[in-house]
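> Quick one, fold the following:
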Amino acid sequence: MTFIIAFLAFLVAIGILVGVHEFGHFWVARKLGIKIIRFAIGFGPPIWTYKSKDKDHTEYALAAIPLGGYVKMLDEREGDVPEEEKHRAFNRQPVWKRFLVVLAGPMFNFLFAIAAFAVILMMGINSMRPYVGEIKPQSPAAQSGFEKKDRILAINDIKTESATQVRLTLLNEYLKNPRLTIRVETPKGNQATRQLDLSNTLLLADESDYFAKTGLGFWRPPHQTIITKVMPDSAAQAAGLQEQDIILGIDGKKLKTSEEFSDYVNAHAGKPVELEIERNGTPLTLTLTPRLTEVDGVKRGLIGVGLSRKFNEEDIKDLFFIRQAPFFEALKKGVVETWDMSVMTLKFMGRLIIGEASFKNISGPLTIADYAGKSASIGLSAFLSLLAIVSLSLGVLNLLPIPMLDGGHLLYYLIELVKGSPVSERVEAIGMRIGMSLVGVLMVVALYNDIGRLIH
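Residues are numbered from 1 along each chain as shown. Purely as a prediction, here's the structure:
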């Protein structure tokens, strides 16, 4: 069932994002008077077609393999064109028109991201205020003087209301300058400034959580830890744990948070532990042995369970809130968020080139399918958020000056503007081979990382 949900969510996500991109090319081309022969989503044998009743008889098609799409325009390079229609052929258009048609695809991806972020904000986002939790000794955060229950108010004067905003803003600002100025409200209610120096910390050097490398974590009040899922053939199943069991303690130590439980299990791989639980109101003691498991290249102790937290209402009334904005404010924030994340994506690519970021951070279709399924299961806001992030990533990727991508065509048009004539067919052919090689390598790396994640 999980696989089916992930697969269907992936198809819907790719269909929407490809449709948005290709519709950008299609809409602008039609507005500029260029004849459209076919608008297709997917490749391979068509499973649905429709021809418009207007004079152009444009064919709309949905194909069997939904991993792309295309807009076929009237073009003399692809066949004979009647004399009376040559003025509507793509190759006959001035450079500025061809430039706008190609640019429209990525631009519509950005517009979709802006709209999605705005809709999410208008609907409201369940958020957590960014109170600092336990600070790792000797970490950059410890050296900066952070205290437990500091509330992070701003990073480099950028206001941060939620934990999610803190994570994204910290990464974005780190990519600009690794020395950050963070304004906090201390547990006593005073405001203070922390200077967080990450110049000796490569946050993206591997696939592990970049935020954890700062030494910061987010505070959560004491809560019950409840088992929501027991994996087949796991240490938890062998010990007799069941769904809805409440974790009370471990090896005689009472637990206040699920993080304490996870940390203890992680530190006792291969060692039997006594687990105190409550099942249907009855206290029980079970013995289980966490198994040493490698996750993202790091060996950890795992027992194979899903966990949830149950908080006391009084403890969380100030911690959790709904982040929401009216239409125009949401639209403005959608523009800002799309811009910031696009710039962050470009900077990340730059770090990849100079070796300060790991290629393991690159994800492919299998990871997108996994996240699509999970986000669809969570709700509309989560699914829209995934669509927005992938859409702006596609927009950025397509604007790279790589032959075969939209950015490569735009580069050719800029050269044509400068030299007064199109680049030669030989140059285009060489560029296409280079572009296909680069894109092919990127796809292989992404699939390799996807498969590696599935195996682990």
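
> From here on, just use CA atoms for contacts and neighbour counts.
Will do.

> pLDDT wise, what is F3 at?
If you check F3, the pLDDT there is 69.

> let me redo that: V71
Per the predicted model, pLDDT is 93 at V71.

> For stretch 175-185, buried residues please.
175, 178-185 (16 or more other Cα atoms under 10 Å).

> actually stretch 329-349, sorry about that
330-331, 333-335, 337-339, 341-342, 344-346, 348-349.

> mind checking how far it is from the chain centre?
Put simply, stretch 329-349 sits 12 Å off its chain's centre (Cα atoms, centre = their mean, to the nearest Å).

> circling back to that earlier point, mind checking which of the buried residues of stretch 175-185 land in strands?
179-185 (DSSP state E).

> Mind splitting the protein into its structural domains?
2-32+93-121+386-455, 140-219, 223-313 (automatic domain parsing).

> Dump those domains to CSV, plus distance to V81.
Putting the domains of the chain into CSV (distance: least, Cα to Cα, whole Å) gives the following:
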stretch, distance to V81
domain 2-32+93-121+386-455, 14
domain 140-219, 50
domain 223-313, 56
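
> what residues does stretch 391-409 touch?
17, 102-103, 105-107, 109-110, 112-113, 338, 341-342, 345-346, 410-411, 428, 431-432, 434-436 (Cα atoms under 8 Å, 6 or more residues apart in numbering).

> Between its first and last residues, how far does it reach?
20 Å (Cα to Cα, to the nearest Å).

> what helix or strand does the spatially closest residue to L175 that is not a sequence neighbour sit in?
Of all residues not flanking L175 in the chain, K347 sits nearest, at 6.5 Å (Cα to Cα, 6 or more residues apart in numbering). Element membership for K347 (DSSP states H and E) is helix 327-354.

> Mind telling me what element the residue nearest the centre of the chain is part of?
Closest to where the C-alpha atoms of the chain average out (Cα atoms, centre = their mean) is I389, at 5.1 Å. Element membership for I389 (DSSP H and E) is helix 380-398.

> How about V71?
strand 59-73.

> And whichever helix or strand comes after that strand, what does it pack against?
Per DSSP H and E, the first helix or strand lying C-terminal to strand 59-73 is helix 95-123. Judged by 3 or more Cα pairs under 8 Å, 6 or more residues apart in numbering; DSSP states H and E, helix 95-123 is in contact with helix 2-31, helix 327-354, helix 380-398, helix 406-419.

> Helix 95-123: how far from the chain's middle?
18 Å.

> Now the element after that helix, going C-ward?
With DSSP H and E, the next secondary element past helix 95-123 is strand 125-128.

> just checking, what packs against the helix holding K347?
Packing contacts for helix 327-354, counted by 3+ Cα pairs under 8 Å, 6+ apart, involve helix 95-123, helix 163-176, helix 380-398.

> which one of those helices lies closest to E78?
helix 95-123 (16.2 Å; Cα to Cα).

> Quick one: mean pLDDT for the closest one?
Rounded mean pLDDT across helix 95-123 is 96.
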